[in-house]
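Trainee: Make a model of this:
(2 chains)
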Number of protein chains: 2
Amino acid sequence: MTINIPASVGMPVEEVDTPCLLVDLDAFDRNIDTMAGFMKKHGLRHRAHAKTHKSSDIAIIQVERGGAVGVCCQKVSEAEALVSAGVRDVLVSNQVVTPKKIERLAALATRARVLVCVDDLGNVDDLSAAAQKYGVTIECLVEMDVGAGRCGVRPGADAVALARKIDAAPGLKFAGLQAYQGKAQHVHDFEDRRGLIDKAVGMVRDTVELLKAEGLTCDIIAGAGTGSYYFEGDSGVYNELQCGSYIFMDADYQRVKDDKGGFIGEFDNALFIYTTVMSKTKTDRAICDAGLKAQSVDSGLPVIFGRDDVTYIGASDEHGVISDPDNKLRLGDKLKLVPGHCDPTVNVHDWYVGIRNGRVEALWPVTARGMCL
Amino acid sequence: MTINIPASVGMPVEEVDTPCLLVDLDAFDRNIDTMAGFMKKHGLRHRAHAKTHKSSDIAIIQVERGGAVGVCCQKVSEAEALVSAGVRDVLVSNQVVTPKKIERLAALATRARVLVCVDDLGNVDDLSAAAQKYGVTIECLVEMDVGAGRCGVRPGADAVALARKIDAAPGLKFAGLQAYQGKAQHVHDFEDRRGLIDKAVGMVRDTVELLKAEGLTCDIIAGAGTGSYYFEGDSGVYNELQCGSYIFMDADYQRVKDDKGGFIGEFDNALFIYTTVMSKTKTDRAICDAGLKAQSVDSGLPVIFGRDDVTYIGASDEHGVISDPDNKLRLGDKLKLVPGHCDPTVNVHDWYVGIRNGRVEALWPVTARGMCL
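Mentor: The predicted structure is shown next:
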């Protein structure tokens, strides 16, 4: 982390070393404010998803400027890194099932408010034992599968049985429901996306009623992402939303459409992979220095920002192939790439280089880079 | 790097934390010995490609046990990390074109033998100026595009002109040709692969003759990878091969066929992503803890090692979806995944956990992890 810093504060952007992550700080601030405005207007809590950025600097901005109640993490190690950097309210929005990780989660709860998702009855016993060992309370959300086909119990009776067990377990507090429809986020058509969330909302509403009949209150009814938050926000059921990608946006989210058939436009591109043309031996193509080790291409190739004359058409380990039909590019030219998928792209970098007015204003480490344990 | 070490030496493999990289040290040693035997038998030099592993421990094993003359790196920062760890002969098998990186390359040549690839006449002037500034010699290979369509000048006259300029430049030494046919490596059919390499060999042979007529000798005629090294090795033209993936193998290389229509079998799977089942709420699927942040899926999804009853069918940021039609898996079960593509998978991890006889024998840092500058 201490070597290979691609920039220094005050440097003109053209001098920043590549490949690296650039953050357009004006766009970033607008994204923070837009989401904060939505949450305030709708009387919702925002628990920003830190898996997108893995940065303590950004997490703290989301809380202090953006009004978030805290953050979500996907891994205990990610949560540890952010708590160590000053974040005090963390939901591990995932299952924690192995003995070592459960022990670390309980230890973390001595230093911060810690919540976790649960989808297994046996896991309740293990979490309870660890919480008692450390003399802490771990707040548990029952995770339900509301259509994503991934983690989570079935809504209804299974969720109620799990909530009842958590409620009775020493050291644990039943805090509510986790009902994230991850599959809906990138469904491009607006009405298709709405339909998936409507189904999820129905399942959540029914389960909340069943829980209420058992005397179990859901302080937190959580879910939603950048592709669907307005649906959950308007549902009258969800009260804590977990958007992450809104701060950066990525090429795949920009293929998601709004209710008028246009692309969702309330957030701006704030994250780029900065890259240099490193080989130009052909008139119709150029090779840049950002390949598979500077980004993840799981959701498609990056889009070259602000240029319609050149196209990123292929990636190998350390090279990107750029189609340059009009022979516009020259050796040393720099380009900004909008990543296909922000979250795993951020995970291969150590630094964010924050830019405003053409100069470096901030250098933020990717605090929890690589923390997958 | 100092936190989140997934194992300790002596630990049984079952206790290793997940997700992490496991190295089967017996298979790894066999791969090292097999490649060393081939090179010795054919009187070839091996310059092992360190971009595959980014590890100083492995680079040193490749030199000391495997007889390699040195290593290839793709980035100056990768070369710096390995030189700092004791490697003394490094080819940056790539173009280095920006002022800061050229300066660092020259500075590195004060501490180790440093070679670099060149495909631009102007770049020769810049490299020469930096070499003179540091009082060093940088050895330059003329990179030719022999069919990959990426970096490199055209074989023939363009290559000769570049070689002549390097030869005349103070501080530089014309050391030979880089002629890597990267596109051929993963062509599954044996004869198709041979055809592509035969074409490359022809271009190299012709250019070597042209250079000879100008009084320019190629000490090094370099290229080849794990999918094609026997072709270049038999060519009578190439003398320095640059295989990397052979030490680990990956799922995509195992779809490459040999001359009998079977899969290439001289190397064993030595690298795995170790993963735990973290959610099991459905009879026909399981969710494991290795998703897009524990691997790169650019060349396809991983294959579950040693199991034909379960299949890895989908990856999201921190989850893998496993088809489990016979409901065999249980919460906490561990699996070994063969990565779809080793190189960018290694780049998201900080540690290799070396296993022999079911116990942890070695912990190797991924020395140059994330070093893309």
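Trainee: For residue B:13, see how far away the closest residue to chain B within the stretch 101-250 of chain A is.
Mentor: Across the stretch 101-250 of chain A, the shortest distance to chain B (C-beta to the nearest C-beta) belongs to residue A:151, at 4.0 Å. C-beta here means a position set from N, CA and C on the backbone, and glycine is covered the same way. To residue B:13, residue A:151 is 25 Å away according to C-beta to C-beta, to the nearest Å.
Trainee: cool, and residue A:81?
Mentor: Applying C-beta to C-beta to residue A:81 and residue B:13 gives a distance of 26 Å.
Trainee: Looking at the two, which is more packed in?
Mentor: Legend: neighbour count by other C-beta atoms under 10 Å in any protein chain shown for residue A:81 and residue B:13, higher for residue A:81 (25 against 18).
Trainee: quick one: contacts for the more buried one?
Mentor: A:54, A:56, A:367-368, A:371 (C-beta atoms under 8 Å, 6 or more residues apart in numbering or on different chains).
Trainee: Could you say which helix or strand holds it?
Mentor: Take DSSP states H and E as the rule and residue A:81 turns out to sit in helix A:76-84.
Trainee: Report the buried residues of that helix.
Mentor: Residues of helix A:76-84 classed as buried by neighbour count (16 or more other C-beta atoms under 10 Å in any protein chain shown): A:76-83.
Trainee: rewinding a little: give me the number of neighbouring residues for the nearest residue to the residue of the stretch 101-250 of chain A closest to chain B once chain neighbours are set aside.
Mentor: Sequence neighbours aside, residue B:279 is the residue nearest to residue A:151 in space, at 4.0 Å (criterion: C-beta to C-beta, 6 or more residues apart in numbering or on different chains). Residues near residue B:279, counting by other C-beta under 10 Å, number 26.
Trainee: Confirm for me that residue B:279 is in contact with residue A:150.
Mentor: Yes - assessed by C-beta atoms under 8 Å, residue B:279 is found in contact with residue A:150 at 7.3 Å.
Trainee: Please enumerate the shared neighbours of those two.
Mentor: Common neighbours of residue B:279 and residue A:150 (criterion: C-beta under 8 Å, 6+ apart): B:287, B:319.
Trainee: re the thing from before, which pair in the contacts of residue A:81 spans the largest distance?
Mentor: Taking C-beta to C-beta as the measure, those span a maximum distance of 11.8 Å, between A:56 and A:371.
Trainee: Now do the residue of the stretch 101-250 of chain A closest to chain B against residue A:118, distance only.
Mentor: Using C-beta to C-beta, residue A:151 is found at 10 Å from residue A:118.
Trainee: Quickly list what's touching both of those two.
Mentor: A:95, A:143.
Trainee: tell me the pLDDT at the spatially most central residue of chain A?
Mentor: The centre of chain A sits closest to residue A:52, judged by C-alpha atoms, centre = their mean, with a distance of 3.1 Å. pLDDT recorded at residue A:52 is 97.
Trainee: these two touch, right, it and residue A:343?
Mentor: Yes - with contact defined as C-beta under 8 Å, residue A:52 reaches residue A:343; the gap is 5.2 Å.
Trainee: shared neighbours of these two, anything?
Mentor: Shared contacts of residue A:52 and residue A:343, defined by C-beta under 8 Å, 6+ apart, are found at A:244-245.
Trainee: quick one, domains of chain A?
Mentor: With domains defined by automatic domain parsing, chain A comprises A:13-21+A:267-365, A:26-255.
Trainee: can I get the ones you listed in a markdown table with distance to residue B:216?
Mentor: Converted to a markdown table, the domains of chain A look like this (distance: least, C-beta to C-beta, whole Å):
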| stretch | distance to residue B:216 |
| --- | --- |
| domain A:13-21+A:267-365 | 20 |
| domain A:26-255 | 46 |
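Trainee: Go through the ones you listed and name the closest to residue B:5.
Mentor: With C-beta to C-beta as the measure, domain A:26-255 is the member of the domains of chain A nearest residue B:5 (11.0 Å).
Trainee: Between the two ends of the closest one, what distance do you get?
Mentor: Distance between the two ends of domain A:26-255: 22 Å, counting by C-alpha to C-alpha, to the nearest Å.
Trainee: Same check on stretch A:131-143?
Mentor: Taking C-alpha to C-alpha, stretch A:131-143 runs 19 Å from one end to the other.
Trainee: Just the buried residues of that stretch, please?
Mentor: Buried residues in stretch A:131-143, counted by 16+ other C-beta under 10 Å: A:131, A:134, A:136-143.
Trainee: What about these, which are in strands?
Mentor: Mapping these onto strands (DSSP state E) picks out A:138-143.
Trainee: For these, name the two members farthest from one another.
Mentor: A:138 and A:143 (14.3 Å).
Trainee: And the strands in the stretch 151-300 of chain A, which stretches?
Mentor: A:172-178, A:220-223, A:240-241, A:271-282, A:285-288 (DSSP state E, counting those that start in this stretch).
Trainee: Of these, flag the one that's most buried.
Mentor: strand A:240-241 (a mean of 27; mean count of other C-beta atoms under 10 Å in any protein chain shown).
Trainee: what packs against that one?
Mentor: When contacts are defined as 3 or more C-beta pairs under 8 Å, 6 or more residues apart in numbering or on different chains; DSSP states H and E, strand A:240-241 sits against strand A:45-49, strand A:220-223, helix A:229-234.
Trainee: Direction included, what does it pair up with?
Mentor: Strand A:240-241 pairs in its sheet with strand A:45-49 (parallel), strand A:220-223 (parallel), by DSSP bridges.
Trainee: Hmm, residue A:177 is touching residue A:222, no?
Mentor: Yes - contact criterion C-beta under 8 Å: residue A:177 and residue A:222 qualify, at 6.8 Å.
Trainee: overlap in contacts of the two?
Mentor: Among the neighbours of residue A:177, those also in contact with residue A:222 (C-beta under 8 Å, 6+ apart) are residue A:141.
Trainee: And the helices in the stretch 1-150 of chain A?
Mentor: A:25-42, A:56-64, A:76-84, A:99-108, A:121-134 (DSSP state H, counting those that start in this stretch).
Trainee: Deepest-packed of the ones you listed, please.
Mentor: helix A:76-84 (a mean of 24).
Trainee: what's the straight distance from one end of stretch A:301-314 to the other?
Mentor: So stretch A:301-314: terminal residues 7 Å apart, C-alpha to C-alpha.
Trainee: Now it: average pLDDT?
Mentor: On average, stretch A:301-314 scores 97.
Trainee: need the helices and strands packed on strand A:240-241 in TSV with mean pLDDT, can you?
Mentor: Below are the helices and strands packed on strand A:240-241 laid out as TSV (pLDDT from 0 to 100):
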stretch	mean pLDDT
strand A:45-49	98
strand A:220-223	98
helix A:229-234	96
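Trainee: Make JSON lines out of the ones you listed and add distance to residue B:31.
Mentor: Formatted as JSON lines, the helices and strands packed on strand A:240-241 follow (distance: least, C-beta to C-beta, whole Å):
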{"stretch": "strand A:45-49", "distance to residue B:31": "40"}
{"stretch": "strand A:220-223", "distance to residue B:31": "46"}
{"stretch": "helix A:229-234", "distance to residue B:31": "49"}
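Trainee: Looking at those, spot the one closest to residue B:215.
Mentor: Of all those, strand A:45-49 comes closest under C-beta to C-beta, at 63.6 Å.
Trainee: How far does that closest one sit from its chain's centre?
Mentor: Mean-position distance between strand A:45-49 and its chain equals 10 Å (C-alpha atoms, centre = their mean, to the nearest Å).
Trainee: Perfect, that will be all.
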